[in-house]
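A.B. asks: Provided below are the primary sequence and the corresponding predicted coordinates.
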Amino acid sequence: MTPFGSKMRELRRQHNRTQKEQATFLGVSKAYISALETGARGQPTAILVDRICVWLGLIWDDAEDLKRLARVSHPKPSINVRGLTENAVYLSNLLAQNINRLSPEDCGDLIREIERRIQI
């Protein structure tokens, strides 16, 4: 599951709406909505995320939060480290080769540390 898919499912359920209702409004299949929620499909387009915000009635911070989550929810991200330092190359490969060994808590700790260092 991606951060976007998880949040979209949470919001849809909070509004007591179904995947079928969402699919109909957006003009996509129910299977596509399910795939977005589970992370089986890649990032939605910015236009689709805007339409999801309209469908859910999200404004301001809530809409921006969903859009941010969509930007960081690619299920197969790639990192271009060409031209970066040896440590950057090592870090990207270390993470790629070992992320499956990290617990959800470990991932959360690393996310918070990286966000702190880059001041997100």
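C.D. replies: Perfect, I can see it now. If you're wondering where the values come from, they're calculated on a predicted model, not measured in any experiment.
A.B. asks: ok, and what's touching stretch 68-79?
C.D. replies: Residues outside stretch 68-79 that contact it (Cβ atoms under 8 Å, 6 or more residues apart in numbering) are 2-5, 7, 39-44, 46, 49, 92, 96. To be clear about C-beta, it is placed using only N, CA and C from the backbone, and glycine gets the same treatment.
A.B. asks: mind listing what's buried in it?
C.D. replies: 69-70, 73 (16 or more other Cβ atoms under 10 Å).
A.B. asks: please apply the same query to stretch 31-41.
C.D. replies: Residues of stretch 31-41 classed as buried: 32-33, 36-37, 39, 41 (neighbour count, 16+ other Cβ under 10 Å).
A.B. asks: output it as PDB, restricted to C-alpha atoms.
C.D. replies: Extracted in PDB, the C-alpha atoms of stretch 31-41 (Å, rounded to 0.1, in the frame of the first residue of the first chain):
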ATOM      1  CA  ALA A  31     -10.600  -2.000 -10.300                       C
ATOM      2  CA  TYR A  32      -8.400   1.100 -10.900                       C
ATOM      3  CA  ILE A  33      -9.600   2.700  -7.600                       C
ATOM      4  CA  SER A  34      -8.800  -0.600  -5.800                       C
ATOM      5  CA  ALA A  35      -5.400  -0.700  -7.400                       C
ATOM      6  CA  LEU A  36      -4.600   2.900  -6.400                       C
ATOM      7  CA  GLU A  37      -5.600   2.100  -2.800                       C
ATOM      8  CA  THR A  38      -3.500  -1.100  -2.600                       C
ATOM      9  CA  GLY A  39      -0.500   0.400  -4.500                       C
ATOM     10  CA  ALA A  40      -0.800  -2.000  -7.400                       C
ATOM     11  CA  ARG A  41      -0.900   1.100  -9.700                       C
END
